[in-house]
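**Q** Sharing a model that was predicted from the sequence below.
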Amino acid sequence: MGIGELDREAHVPEVTGVAAAPRTLAEALRARGDEGLATLLRARPDLLSPVPNDLTQLATRAGTRGSVVRALERLDRFALQTAEALAVAQDPAPYPVLLALLTGDEGDAEIEAALPGAVALLREQALVWGEDDRLRLVRTARELLAPSAQHPSPTGLGPTVAEATSGMSPGRVQEIIAAAGLPTTHDPVSAVAALTGLFTDRDRMGSLLDTASPDALSVLDRLVWGPPYGEVTAKPAAPVQWLRDHGLLLPVSARTMVLPREVALHLRGGRAHRAPEPLAPVPGVLREYRPQVVDSAAAGQAQLALATVEELLKSWDRGGPPVLRAGGLSVRDLKRTAVALDVSEETAAFWLELCYGAGLLASDGEADERYAPTPAYDDWLDLPPAERWALLVTPWLTATRTPGLAGGQDTKGRTLSVLGPDLDRSPAPEVRHRVLGLLATLPPGSSAEPESLFARLRWERPLRGASAAEESGDLRSRLARWALAEAELLGLTGRGALSGPARALLNLPLAEAASAGALGGGVELSVAAGRAATLLAPLLPEAVDHVLLQADLTAVAPGPLSRPLADALAVLADVESKGGATVYRFTPGSVRRALDSGQTATDLHEFLKSHSRTPVPQPLAYLIDDVARRHGHLRVGAASAYVRCDDDTVLGEILADRRSSSLGLRRLAPTVLAAQTDPTSLLDGLRSMGYAPAAESTTGDVLITRADAYRTGARTAPVPVPDGPPAPDTTLLGAAVRAIRAGDRAATAVRKEPAAPTAAGALPRTSAAETLATVQAAAMTGSAVWIGYVNAEGGASQRVIAPVRVEGGFVTAYDHTADEVRTYPLHRITGVAELADDQV
């Protein structure tokens, strides 16, 4: 849409004593106050990129296809239905006509009450302009929403009689009006008008349909709510032929007929939509719990989330799986991770993406690239549990990465990998905030009925032109389902109800629900996260510093263990089961692992004695002593590799064992064997045979193998991909409105006609002397002038300035266009003109 269309004149009757109705969208915007313009720019931030020079440019940009599409996609269902009704109405349409299209002949009190708000919303977003007696939908929106054969309207209506008969021969039009009982006319235009008048006259139209057969009425019933097009044979049946002869069906092609819009509206009782939805669905309550029960359940899940993240990253402490060439984690490694965490692959993908989004996990960037924890993970471990939880949920709220898409395919048929590219979806943060916000509208302790929640979300952001089945499977609906599941995994909800810490994170009252769905009140997310952590801290179980040793070589941790105890026990024992109490099992391999880390049997006995509330069972003491007695009996070093042992009979047993054939062993001395493998493989091979060898250095000392953690370099968390331009803050909005107003005043200022004739709208060229004299006079009188100016880059512009001082070849003036004081070189001013008296 160009400026010419915006500035076109429309016939508006002049009313004495009343302000003239706007003739263009630019004039309608010009009549708004500063708050009205700020509201428009806040709702449609794309109009600010860059800031328009004046209101005409703002109106032009507001009518571009991309901007209108974005605005339509953010309307709620009833506002969109209102716009769709305007698209099938006459242009301009009086408010009563719009109301009749939505309520029909029978009327609807709910629609009558909701329609003023919908029209106000469309006006606010510059999709509709004009007074109530001349409502106009911007041209681009009308083109997008009006019915056409290529793009059917959600209303199910077809073209008007005038549109459907535009390519019809005049003779055929005359035949139709004659069959309908109308007098023939002398031209097609009046004939089409007569036929339209018949179809819009309820009484005459009713009389015509009374003459139709039941079969003909059945055909109309199948087309009335859309789609309005139907295929016919070369020799249509009698009912169809009767409808064709009377113009109730009009030909689009040789085999396709269409039901005219006026006929469909009559059959519908005047309604544009089958089911207008003026009221938003209210989320239903599924179950009610005491808020304390909800908070306890959420805290338990939060504790489990922390344990899961810690377990995941600890398993990758020495370096995780490799990165695929195209980026991301392989399916095989995802399955291994899911098995290790004892969760489904979908849940494992969520935990991986959560760690990645929080900056705790990244690729190392080496030649053989692989995943590993980042240095931020170590800092995260040192924090209290509640603060660690806050550092997980905060990036989740704002992240655009969507783990639920992993395993699917992109538009080119390529599989989407966890931690890989193309998982960003811009609406994800908004949907998460809105899901939690809707849960907050329920009474505290109440869980929502999921389908009613999704119905509300679909009403707030309907998928334009989609059916109900398509809407239930669209991206926003899937994002909502994932958001509910992920919120439960993170402990933001407990038993499906919003917890107290989650309300604090959303900056909502704790005693009663708020209606807002996003962070509000001007509170920063970090501050809200701190409040949430403070509320969660007393709900989390305290870390314990003891275990319960049992005779079956297991230890039970009755709660989350303190950090030093958990790290030490993870080396000495293997986790057998998790839950409210973690069960550790002691095995020869786990005890050997502790001995390899440099501890002695005495150290292990002392550790267990000091951290167990029960006596150390005899079987566990025997296990430690037995493994320690055999540990280091064999020594492995680098030859390629060698084995030495003071007991030559043990070396003889190894040589005689057929399982050692792959190691390539041969005796060099009674107490030394040489191997054809490296020391690490030799150690693993001997351990698989049941021995407990120890590695030694070149000096013969035992090498202590500590579990040194592998970390990536410093990494930053992935940046969310925004859904269009960011929302402007109050400062930016105020500055933008002032700049647009100043530019518009300069663009619409009327200047005096010059003595010499010039082209329309062009500034006269003035000499340097004339320019100097004019700006000096303006400076003395305090008046404003219009100048033409060329900047250092050669860009020409026209500006309105009020000169303050003229000296040294420069003029210092208040620039109304830029709304600030500037200094201009006189030699760059190409021309100057005085403003008309009524503009001074």
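**A** Everything's here; your move. None of these values were measured; they are calculated from a predicted model.

**Q** next SSE after the helix or strand of the chain with the lowest mean pLDDT?
**A** Least confident helix or strand, the chain: helix 3-6 with a mean of 36, by mean pLDDT, DSSP states H and E. For helix 3-6, the following helix or strand on the C-terminal side (DSSP states H and E) is helix 25-30.

**Q** mind listing the strands for the stretch 51-200 of the chain?
**A** Per DSSP state E, counting those that start in this stretch, the stretch 51-200 of the chain carries strands over the ranges 128-129, 136-137.

**Q** Comparing those, which comes out most buried?
**A** The highest mean neighbour count among the strands of the stretch 51-200 of the chain, using mean count of other CB atoms under 10 Å, belongs to strand 128-129: a mean of 26. Quick note: C-beta positions are derived from backbone N, CA and C, even for glycine.

**Q** what pLDDT, on average, does it get?
**A** What strand 128-129 shows for mean pLDDT is 94.

**Q** same for that strand, what does it pack against?
**A** helix 25-30, helix 109-124, strand 136-137 (3 or more CB pairs under 8 Å, 6 or more residues apart in numbering; DSSP states H and E).

**Q** one step back: turn the strands of the stretch 51-200 of the chain into JSON lines, including distance to residue 747.
**A** Output for those, formatted as JSON lines (distance: least, CB to CB, whole Å):
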{"stretch": "strand 128-129", "distance to residue 747": "19"}
{"stretch": "strand 136-137", "distance to residue 747": "23"}
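
**Q** got the contact list for the longest strand along the chain?
**A** Longest strand in the chain by number of residues (criterion: DSSP state E): strand 796-807. Applying CB atoms under 8 Å, 6 or more residues apart in numbering, the external contacts of strand 796-807 come out as 745-746, 749, 763, 772, 775-776, 778-779, 782-791, 811-818, 821-822, 824, 826, 830, 835.

**Q** and whichever helix or strand comes after that strand, which strands flank it?
**A** Following strand 796-807 in sequence order, the next helix or strand is strand 810-815 (DSSP H and E). Neighbouring strands of strand 810-815 in its sheet, by DSSP bridges, are strand 796-807 (antiparallel), strand 820-825 (antiparallel).

**Q** for the record, mean pLDDT for strand 810-815?
**A** Mean predicted confidence for strand 810-815 is 88.

**Q** do stretch 577-588 as well
**A** On average, stretch 577-588 scores 85.

**Q** what comes up buried for that stretch?
**A** 582-584, 586, 588 (16 or more other CB atoms under 10 Å).

**Q** Show me which of these is closest to residue 428.
**A** For the buried residues of stretch 577-588, the minimum distance to residue 428 (CB to CB) is 33.3 Å, reached by residue 582.

**Q** So residue 506 is in contact with residue 433, correct?
**A** Yes: the criterion here is CB atoms under 8 Å, and residue 506 meets it with residue 433 at 7.3 Å.

**Q** quick one: contacts for residue 595?
**A** 601, 604, 627-628, 631-632.

**Q** Determine the longest helix present in this protein.
**A** helix 291-315 (DSSP state H).

**Q** next one: it to chain centre, how far?
**A** In this view, helix 291-315 has its centroid 26 Å away from the chain centroid, taken as CA atoms, centre = their mean, to the nearest Å.

**Q** and the nearest residue to residue 155 once chain neighbours are set aside, what are its phi and psi?
**A** Take residue 155 and drop its neighbours on the chain: the residue closest to it by CB to CB, 6 or more residues apart in numbering is residue 272, 4.8 Å away. Residue 272 has phi and psi values of phi -80, psi -30 when expressed as degrees, to the nearest 10.

**Q** all numbers from here: first residue = 52
**A** Understood, numbering begins at 52; the last thing we discussed is residue 323.

**Q** Next, count neighbours for residue 323.
**A** For residue 323, the neighbour count with other CB atoms under 10 Å is 28.

**Q** so it sits right up against residue 150, yeah?
**A** No: counting by CB under 8 Å, residue 323 sits too far from residue 150 to count as a contact (10.9 Å).

**Q** what ranges do the helices span in the stretch 502-651 of the chain?
**A** 519-523, 526-541, 551-556, 576-587, 614-623, 639-647 (DSSP state H, counting those that start in this stretch).

**Q** Mind putting those into TSV with distance to residue 353?
**A** Compiled in TSV, these are given as follows (distance: least, CB to CB, whole Å):
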stretch	distance to residue 353
helix 519-523	31
helix 526-541	7
helix 551-556	8
helix 576-587	6
helix 614-623	18
helix 639-647	29
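
**Q** Relative to residue 86, which of those is closest?
**A** helix 576-587 (27.1 Å).

**Q** Can you get me a residue count around residue 779?
**A** 19.

**Q** what do you get for residue 711?
**A** Neighbours of residue 711 (other CB under 10 Å): 19.

**Q** distance of it from residue 647?
**A** 21 Å (CB to CB, to the nearest Å).

**Q** What of residue 496?
**A** 52 Å.

**Q** got it, and residue 783?
**A** For residue 783 relative to residue 647 (CB to CB), the value is 61 Å.

**Q** Same drill for those two, tell me which one is more crowded.
**A** residue 647 (21 against 17).

**Q** is it true that the more buried one touches residue 738?
**A** No: the pair residue 647 / residue 738 is not scored as a contact, 10.3 Å apart, by CB under 8 Å.

**Q** of the contacts of residue 646, buried ones?
**A** The buried subset of the contacts of residue 646 - by 16+ other CB under 10 Å - is 652, 655, 678-679, 682.
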